[in-house]
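J.: Here is the input, now give the coordinates:
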Amino acid sequence: MKDRGIRVIKEKCVGCGLCMKVCPFSAIVLENNLAVIDLSKCTLCGACKEACKFDAIEIFKPQVVDTTSIGEHKGVWVFVEEEDGKIAGVSFELLGKAKELAKDLDSEVVAVYLGYNLKEKYSQLFRKGADKVIFVDKPQLKVFISENYANIISSLIQKYKPEIFLAGATTKGRSLVSRIAVKIRTGLTADCTGLEIDKEKRLLIQTRPAFGGNIMAQIITPNHRPQMATVRHKVMKELEGTFSSVGEVIEENLDGEFIDRRVKFIDFIKEEGYKVNLADADVIVSGGRGLGAPDNFKLIRELAEVLGAAVGASRAAVDSGWIPYSHQVGQTGRTVSPKIYIACGISGQIQHLVGMQSSKIIVAINKDPEAPIFKVANYGIVGDLFKVVPLLTQRFKEIIKR
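T.: Purely as a prediction, here's the structure:
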């Protein structure tokens, strides 16, 4: 294996061809006005680099991976996320999964909790599976700013050396862990639907959909620690049973150096949504392309109102601008697991099914009897949704009045 490498800096290359002319091994060609180096022919003689007037060729030493410290990393960490001042459900789900992973690794579960006025909430974390809580309680952390949180957690990771770090695949989680992964130079797998341990190699096997959900990819991080992953809400299950409400608590008193002065919180404008939160709803009524127009979503809202349900949507409806993205169910939207999921005018493409197929009862309403949604539905109604949905709404109103 060569102890050096070579690459073309695409942003600087102008396709002048000087490097191609001076290469004694004919290892360079021009493709689409860009120099391309055949590494099987290149001997790293440096002639092309010297000839390039635009500094577009770089000869470098590959990064050497130091695997000697991997054995020092212990523990499964979970980032504790808050919503409206309360611990988010996805954090409890991850603590439950972390408990399983830690058992396979003969390790401990650590909840990492950042914010302000946190002390009264520790017991919830212990009851949901945490063995230890590391927290930073500062007024500056009352509002989530990903840069500040990433600075702190990166410092904690370097100090305590966890083996695994998990976070929810939420807006906050996604913006946070990507920054942490870059800072500490480790791998990150997003939107996982499965996590398990290779006990022999102590590797976290991270499973996630790929190629539009057509295959399930298994990803590992063999040479870097911690092994990092984000997991969608409602994919993992909270621990059942009662655990102790006490455990080891470690407070980290960091100074103000973690504050990123380039970022300032001004205001949070909450989207005006409907009465029931999609992720936590027991009943969801979703509409798709079959509704035909944005005004027809009133049929979905009326049925949802009667049932006390949340309003969901397929990607087609969201992409058409009929309803905000926050209502999208599917691979690129929310993963939900309600007791009842009613799909109206949704064909059931794999991207949508990935986000709702774990629902306890699925009711599909579609005029196409061959629609894929019927393959996962517990109950199917083949008919015109513009007739069926109003009838259901009226019937439920009559039942509720009794």
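J.: Let me see the residues that make contact with stretch 387-401.
T.: Outside stretch 387-401, the residues that touch it by CB atoms under 8 Å, 6 or more residues apart in numbering are 299-300, 302-303, 306-307, 344, 365, 381. To be clear about C-beta, it is placed using only N, CA and C from the backbone, and glycine gets the same treatment.
J.: Strands - which of those land there?
T.: Using DSSP state E, the members of the contacts of stretch 387-401 that fall within strands are 344, 365, 381.
J.: before we move on, the earlier item: any chance of the contacts of stretch 387-401 in JSON lines with pLDDT and distance to residue 52 as columns?
T.: Below are these laid out as JSON lines (pLDDT from 0 to 100; distance: CB to CB, whole Å):
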{"residue": "299", "pLDDT": "94", "distance to residue 52": "64"}
{"residue": "300", "pLDDT": "94", "distance to residue 52": "60"}
{"residue": "302", "pLDDT": "94", "distance to residue 52": "67"}
{"residue": "303", "pLDDT": "94", "distance to residue 52": "66"}
{"residue": "306", "pLDDT": "92", "distance to residue 52": "70"}
{"residue": "307", "pLDDT": "92", "distance to residue 52": "67"}
{"residue": "344", "pLDDT": "95", "distance to residue 52": "61"}
{"residue": "365", "pLDDT": "95", "distance to residue 52": "63"}
{"residue": "381", "pLDDT": "94", "distance to residue 52": "67"}
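J.: Burial check on residue 281, number of neighbours?
T.: As a burial measure, residue 281 scores 24 neighbours (other CB atoms under 10 Å).
J.: which phi and psi does it have?
T.: Per-residue torsions, residue 281: phi -70, psi 140 (degrees, to the nearest 10).
J.: Quick one: the strands in the stretch 251-400 of the chain, in order.
T.: Taking DSSP state E, counting those that start in this stretch, the strands of the stretch 251-400 of the chain run over residues 283-287, 310-313, 340-344, 361-366, 379-382.
J.: for the ones you listed, which one sits closest to residue 141?
T.: Nearest to residue 141, of all those, is strand 310-313, at 30.3 Å by CB to CB.
J.: And the contacts of the closest one?
T.: Taking CB under 8 Å, 6+ apart as the rule, strand 310-313 contacts 274, 276-278, 281, 283-288, 297, 300-301, 304, 322-323, 327-329, 334, 336, 338, 341, 356.
J.: Mean neighbour count added to the strands of the stretch 251-400 of the chain, as a markdown table?
T.: As requested, those are exported to a markdown table (neighbours: other CB atoms under 10 Å):
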| stretch | mean neighbour count |
| --- | --- |
| strand 283-287 | 27 |
| strand 310-313 | 28 |
| strand 340-344 | 27 |
| strand 361-366 | 22 |
| strand 379-382 | 16 |
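J.: which one of these lies closest to residue 126?
T.: strand 310-313 (30.5 Å).
J.: Need the CA coordinates for that closest one. PDB is fine.
T.: C-alpha atoms of strand 310-313 as PDB (Å, rounded to 0.1, in the frame of the first residue of the first chain):
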ATOM      1  CA  ALA A 310     -53.900  13.600  14.200                       C
ATOM      2  CA  VAL A 311     -53.800  14.500  10.600                       C
ATOM      3  CA  GLY A 312     -51.200  12.900   8.400                       C
ATOM      4  CA  ALA A 313     -50.300  13.000   4.800                       C
END
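J.: quick one: that strand to chain centroid distance?
T.: The chain centre lies 20 Å from the centre of strand 310-313; the measure is CA atoms, centre = their mean, to the nearest Å.
J.: With stretch 317-328 instead?
T.: The chain centroid and the centroid of stretch 317-328 are separated by 19 Å under CA atoms, centre = their mean.
J.: in that stretch, what's buried?
T.: Of the residues in stretch 317-328, 317-318, 320, 322-323, 326-328 count as buried by neighbour count, 16 or more other CB atoms under 10 Å.
J.: residues making contact with it?
T.: Applying CB under 8 Å, 6+ apart, the external contacts of stretch 317-328 come out as 271, 273, 278, 287-289, 291, 293-294, 297, 311-315, 333-334.
J.: okay, how far is it across that stretch, tip to tip?
T.: Distance across stretch 317-328, first residue to last, is 8 Å (CA to CA, to the nearest Å).
J.: coming back round to it: the contacts of strand 310-313 in helices, which ones?
T.: Among these, the members found in helices (DSSP state H) are 297, 300-301, 304, 356.
J.: will you turn these into JSON lines that also has distance to residue 401 and neighbour count?
T.: Shown next, in JSON lines, are the ones in helices among the contacts of strand 310-313 (distance: CB to CB, whole Å; neighbours: other CB atoms under 10 Å):
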{"residue": "297", "distance to residue 401": "25", "neighbour count": "19"}
{"residue": "300", "distance to residue 401": "21", "neighbour count": "27"}
{"residue": "301", "distance to residue 401": "20", "neighbour count": "16"}
{"residue": "304", "distance to residue 401": "18", "neighbour count": "25"}
{"residue": "356", "distance to residue 401": "30", "neighbour count": "27"}
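J.: which pair in those residues spans the largest distance?
T.: The distance between the two most remote of the ones in helices among the contacts of strand 310-313 (CB to CB) is 18.5 Å, for 301 and 356.
J.: Do you know the pLDDT at the spatially most central residue of the chain?
T.: Centroid-nearest residue in the chain, with CA atoms, centre = their mean: residue 169, separated by 2.7 Å. Reading off the confidence values, residue 169 has pLDDT 89.
J.: re earlier: let me know the closest of the contacts of stretch 387-401 to residue 92.
T.: Set against residue 92, the nearest of those by CB to CB is residue 307 (25.8 Å).
J.: Which residues are in contact with the closest one?
T.: Contacts for residue 307 (CB under 8 Å, 6+ apart) come out as 283, 285, 396.
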